[in-house]
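J.: what would the 3D arrangement of this be:
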Amino acid sequence: MKVELLAAGTRPPDWISEGFLEFQKRLPRESELILRQWPTAKRRKQDSVARLQKEEEDNLLKHVQPSAFVVALDLRGKMWSTETLALKMKDWYQRQKLVQIVIGGPDGLSSNCLDRADLIWSLSELTFPHYLVRVLVAEQLYRGWSYLNNHPYHK
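T.: Below is the predicted model of the structure:
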C-alpha cells in the first residue's frame with residue numbers, strides 16, 4: 001500500500017522536514033509514505049477564508065486520484081486511538097492500493113474537500129500548525145505499523 005500525504009504549503013521549517021523524513025524512512029517499502037505539496041494561497045487582509053480555501057481546494061483536488069481512498073484531516077472528524085488507527089491501516093493494506101491523507105492550509109479544508117473524503121480524521125481537539133501535522137501523521141502511521149507488526153515502538 002502506498003500512502004500519499006497531500007499538504008498545502010511548500011516551505012516548512014527544516015525541523016519539520018527532518019521530523020517527517022525520520023518517520024518516512026522508518027516505514028518499510030510495503031508502507032511507502034510520499035509527501036505531495038503545493039503552495040498555500042497568497043493571503044491579504046481583505047481575503048475571506050472561503051476564497052483562500054477555494055484556491056487551495058483547486059490545487060488539492062488536482063492531486064487526488066479517482067481510485068484513491070481519501071482521508072481528510074479536520075477538527076470535525078473522529079479521533080482514533082492507536083489501536084483504532086492500526087486496525088484501519090490493516091484494512092487499508094488489504095483493500096487499498098493508494099490512500100491519500102489530506103492536510104489543508106492554515107484555514108483548513110473546504111467543504112468540497114471534506115465531501116470528497118471517504119473518512120474524516122481528527123488528530124485532537126487542539127489546533128496544530130498545518131506543517132506540524134505532517135510530522136504527527138507520519139509518526140502515527142509509523143506507530144500504527146509498529147502496532148500491527150508487534151514492534152516495541154508502539155508502546
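J.: so what touches the strand or helix carrying residue 141?
T.: Using DSSP states H and E, residue 141 maps to helix 130-148. With contacts defined as Cβ atoms under 8 Å, 6 or more residues apart in numbering, helix 130-148 is touched by 3, 5, 7-9, 12-13, 16, 19-20, 22-24, 26-28, 31, 33, 35, 73, 82-83, 85-86, 88-90, 101, 103-106, 123, 128, 151-154. C-beta here means a position set from N, CA and C on the backbone, and glycine is covered the same way.
J.: average pLDDT across that helix?
T.: Averaging pLDDT along helix 130-148 gives 96.
J.: try stretch 80-98
T.: So the average pLDDT for stretch 80-98 ends up being 96.
J.: if we can go back for a sec, in ChimeraX, select just the buried ones from the contacts of helix 130-148.
T.: A single ChimeraX command is used to select the members of the contacts of helix 130-148 judged buried by 16 or more other Cβ atoms under 10 Å:
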select :3,5,7,8,9,12,16,19,20,23,24,26,27,31,33,35,73,85,86,88,89,101,103,104,105,123,154
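J.: SS state for the closest residue to residue 103 other than its chain neighbours?
T.: Excluding the flanking residues, the one nearest residue 103 by Cβ to Cβ, 6 or more residues apart in numbering is residue 7, at 4.3 Å. Of the three states, residue 7 takes strand under DSSP: H, G, I helix; E, B strand; the rest coil.
J.: next: residue 23.
T.: With three-state DSSP as the basis, residue 23 sits in helix.
J.: how much space between it and residue 84?
T.: Note on residue 23: its distance to residue 84, by Cβ to Cβ, to the nearest Å, is 19 Å.
J.: do residue 135 as well
T.: Residue 135 is 20 Å from residue 84, where distance means Cβ to Cβ.
J.: pick out whichever of these two has more residues nearby.
T.: Comparing residue 135 with residue 84 by neighbour count (other Cβ atoms under 10 Å), the higher total belongs to residue 135, at 20 against 13.
J.: run through the residues that contact the residue lying closest to the more buried one once chain neighbours are set aside.
T.: Nearest residue to residue 135, sequence neighbours excluded (Cβ to Cβ, 6+ apart): residue 19, at 3.9 Å. Shown in contact with residue 19 (Cβ under 8 Å, 6+ apart): 134, 135, 138, 139.
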